[in-house]
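> with the input below, show me the fold.
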Amino acid sequence: MTDAVVVGSGPNGLAAAVVLAAEGVRVRVLEAAETIGGGTRSSELTLPGLLHDECSGFHPLAVDTPFSRRFDLRSLGLTWLWPEVQYTHPLDDGRGGAAYRSVHETAAGLGADGPSWRRVFGALTERFEGITEDFLRPMLHVPAHPVMLARFGAYAAMPAALLGRRWSTPEARALFGGVAAHALRPFGSPMSSAIGIALGTAAHAYGWPVAQGGSRTIAAAMAALVEKNGGTIETGVRVESLAELGTPDLILLDTAPADAVRLAGNRMPARTARAYRRYRHGPGAFKVEYAVEGGVPWAHEPSRRAGTVHVCGSFAETAEAERQVARGVMPERPYVLVGQQFVADPSRSAGNVHPLYAYAHVPSGYTGDATDAITAQIERFAPGFRDTVRATHVRSTTDMSVHNPNYVGGDIVTGANSAWQLVFRPRPALDPYATGVPGVYLCSAATPPGAGAHGMCGYHAARSALAYLERGAGRESGDAGA
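Numbering: from 1, shown residues only. Below you'll find the predicted structure:
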């Protein structure tokens, strides 16, 4: 029987294990932490009864993918819930923009910029299923839907500063700027619109749902499927070298590229090791969990009903904050993402006290304390917020990297979203999952299509590993002159 070991139980490691186990491979998943899930863990971090997502909180790209279509996790306890408003961006004086599932409802709230919002996102939303079939794969492939992908790509390739000029009102510009900032890239950079266009379109096509009972239920459903197909999962097992794993037919690594080099040692070809060591990580995240009584008193009313609130002010303020972070400077007023998962999933709250999730974009490895800056940004758009806070839990960039070693320097997306790495992550290769070590594959978010609890990195890596077996374990380095 074919044997495989998966190192790491984040959503991609578990997705890889699911795919392999479903094909009859005997799978062992090894996790260094005491709980599975990587970025999809949830726990009581502030007060008893309040459930906080520890990293990934909203899942717009996980609802409808090749992985989710093949494996029905809903039958294993995963339930998606949607807020009434998908995301918002409040401005001063109670104004702001709000994104709804409906492109038309969103556009109606953007005044003179409504028609332009519809032109950008309307056609993409109608064709998003076909578009995701292409962009949730490695960039180097023959497109299944070339015309649709070309339209998506034309917007995605633009710097966010340039695409943002399509809108003239502060509300529409801020609404786009807030979602574009998910890329953690300066707005003047090529392809800095790509993440914003993808997530903005997903909000209209699929919404930004949360998992009922916390993101941990995503990992629990995947783990149940692994075990249902004969696989095993062990926690508290730290792997220091591939030599410790014996001689399985396949090894899949849900790790950062540098960790893959460390584990493989001199088994990894020198040029692959060099490419992995050169892999760039992005800015960090400084996270604060709040226990708030009565919810956040946003002056912008739709933000009270939103799952996600992007907090930074105008488009120009957001652009400047992201520029400073990229330069290694901590902004006085950072971009803050606030998660109100309880709006869609009241089971996470305890009576009238709710769990609030917030993180700021900060320079990689930032050693300061951003708690007051985050609180001040929320207070700016929700006067009286401080008075609602009953408890807090802080996780610095250092804490982030200890909690999950893939988050190097607090980089929660496991790699800088530069134009080069969006196309050639983690290295230029015909098979981006192959490490050059026969039978060993990288399956973390450092591989295509990148971050998100969609499991598609693990899905593709496992399929690549299975193809290697079908070829009779022949030459499979996947190099393209890297």
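> now do the strands in the stretch 251-400 of the chain.
Secondary structure of the stretch 251-400 of the chain (DSSP state E, counting those that start in this stretch): strands at 284-293, 306-311, 336-339, 353-362, 389-395.
> tell me which of the ones you listed sits most buried.
Highest mean neighbour count among the strands of the stretch 251-400 of the chain (mean count of other CB atoms under 10 Å): strand 306-311, with a mean of 28. Just so you know, the C-beta spots here come from the backbone N, C-alpha and C atoms, and that holds for glycine as well.
> between that strand and strand 353-362, how big is the angle?
Interaxial angle, strand 306-311 versus strand 353-362 (axes from the mean of the first three to the mean of the last three CA atoms, to 10 degrees): 40 degrees.
> adjacent strands (with direction) for strand 306-311?
According to DSSP bridges, strand 306-311 forms sheet pairs with strand 85-90 (parallel), strand 336-339 (antiparallel).
> can you redo those strands as CSV with mean pLDDT?
Shown next, in CSV, are the strands paired with strand 306-311 (pLDDT from 0 to 100):
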stretch, mean pLDDT
strand 85-90, 98
strand 336-339, 98
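> sorry, back to before: residue 202: which of the strands of the stretch 251-400 of the chain is closest?
strand 306-311 (12.1 Å; CB to CB).
> list the neighbours of that closest one that are in contact with it.
58, 82-90, 98, 174, 177-179, 181, 208, 210, 296, 298, 303, 318, 335-341, 343-344, 377-378, 380-381 (CB atoms under 8 Å, 6 or more residues apart in numbering).
> also stretch 103-112?
Residues contacting stretch 103-112 (CB under 8 Å, 6+ apart): 97-100, 113-115, 117-118, 121-122, 125, 167-169, 171-172, 175, 204, 302.
> change it to 7 Å
By CB atoms under 7 Å, 6 or more residues apart in numbering, the residues outside stretch 103-112 that reach it are 97-100, 114-115, 117-118, 121-122, 125, 168-169, 171-172, 204.
> what of stretch 378-394?
Against stretch 378-394 from outside (CB under 7 Å, 6+ apart): 45-47, 90, 288-294, 296-300, 311, 336, 338, 353, 358, 371, 375.
> now that stretch: average pLDDT?
Stretch 378-394 carries an average pLDDT of 98.
> ok, now how distant is residue 11 from residue 354?
25 Å (CB to CB, to the nearest Å).
> again with residue 412
Residue 412 is 23 Å from residue 354, by CB to CB.
> can you tell me the SS state at residue 214?
Under the three-state scheme (DSSP: H, G, I helix; E, B strand; the rest coil), residue 214 adopts coil.
> sorry, back to before: reformat the strands of the stretch 251-400 of the chain as TSV; add distance to residue 404.
Shown next, in TSV, are the strands of the stretch 251-400 of the chain (distance: least, CB to CB, whole Å):
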stretch	distance to residue 404
strand 284-293	11
strand 306-311	21
strand 336-339	17
strand 353-362	14
strand 389-395	10
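> for the strands paired with strand 306-311, give me TSV that also has distance to residue 423.
Output for the strands paired with strand 306-311, formatted as TSV (distance: least, CB to CB, whole Å):
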stretch	distance to residue 423
strand 85-90	27
strand 336-339	26
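> select, out of those strands, the one closest to residue 2.
Across the strands paired with strand 306-311, residue 2 has its closest neighbour in strand 336-339 (40.4 Å, CB to CB).
> and the closest one, how far from the chain's centre?
Here strand 336-339 is found 14 Å from its chain centre; the criterion is CA atoms, centre = their mean, to the nearest Å.
> residue 79: neighbour count?
14 (other CB atoms under 10 Å).
> quick check: closest non-adjacent residue to it.
Leaving out its chain neighbours, the residue that sits closest to residue 79 by CB to CB, 6 or more residues apart in numbering is residue 212, at 4.1 Å.
> tell me which residues touch that neighbour, please.
Applying CB under 7 Å, 6+ apart, the residues contacting residue 212 are 79, 81, 345, 347.
> per the annotation, how does this protein divide into domains?
Listed domain ranges for the chain are 3-42+55-78+211-279+415-470, 80-210+283-403 (source: automatic domain parsing).
> end-to-end on the longest one?
End-to-end span of domain 80-210+283-403 (CA to CA, to the nearest Å): 26 Å.
> got it, and the shortest one?
With CA to CA as the measure, the ends of domain 3-42+55-78+211-279+415-470 fall 14 Å from one another.
> going forward can the numbers begin at 897, since that is how I track them
Understood, numbering begins at 897; the last thing we discussed is domain 899-938+951-974+1107-1175+1311-1366.
> how far off centre is it?
From the chain centre to the centre of domain 899-938+951-974+1107-1175+1311-1366 is a distance of 14 Å (CA atoms, centre = their mean).
> still on that earlier bit, may I see the PyMOL selection of the buried members of the contacts of strand 1202-1207?
Applying 16 or more other CB atoms under 10 Å to these, the buried members can be selected in PyMOL as follows:
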select buried, resi 954+978+979+981+982+983+984+985+986+994+1070+1073+1074+1075+1077+1104+1106+1192+1194+1199+1214+1231+1232+1233+1234+1235+1236+1237+1239+1240+1273+1274+1276+1277
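> follow-up on the earlier one: just the buried ones from the contacts of stretch 999-1008?
993-996, 1010, 1013-1014, 1017-1018, 1021, 1065, 1067-1068, 1100.
> what two of these have the greatest distance between them?
Going by CB to CB, the pair spanning the buried ones among the contacts of stretch 999-1008 furthest: 1021 and 1065, at 20.7 Å.
> for residue 1253, name its beta-bridge partners.
residue 1185, residue 1235.
> is it true that it touches residue 1233?
No - if you go by CB atoms under 7 Å, residue 1253 and residue 1233 don't touch, sitting 8.2 Å apart.
> what's the overlap in contacts for the two?
Joint contacts of residue 1253 and residue 1233 (CB under 7 Å, 6+ apart) do not exist.
> list the buried residues in stretch 1016-1026.
Applying a neighbour-count criterion of 16+ other CB under 10 Å, one finds 1016, 1017, 1018, 1020, 1021, 1023, 1024 buried in stretch 1016-1026.
> the last one against residue 1099, yeah?
Translated: residue 1024. No - between residue 1024 and residue 1099 there is no contact under CB under 7 Å: 10.3 Å.
> picking that back up, which pair of the contacts of stretch 999-1008 spans the longest distance?
1021 and 1064 (22.1 Å).
> tell me the contacts of residue 1198?
Per CB under 7 Å, 6+ apart, neighbours of residue 1198: 981, 984, 992, 994.
> let's go with 6 Å and repeat that
By CB atoms under 6 Å, 6 or more residues apart in numbering, the contact set of residue 1198 is 981, 984, 994.
> again, but for residue 1099
Taking CB under 6 Å, 6+ apart, we find residue 1099 in contact with 982, 995.
> helix, strand, or coil at it?
helix.
> for residue 1359, see how far away it is.
28 Å.
> can you check residue 1071 too?
37 Å.
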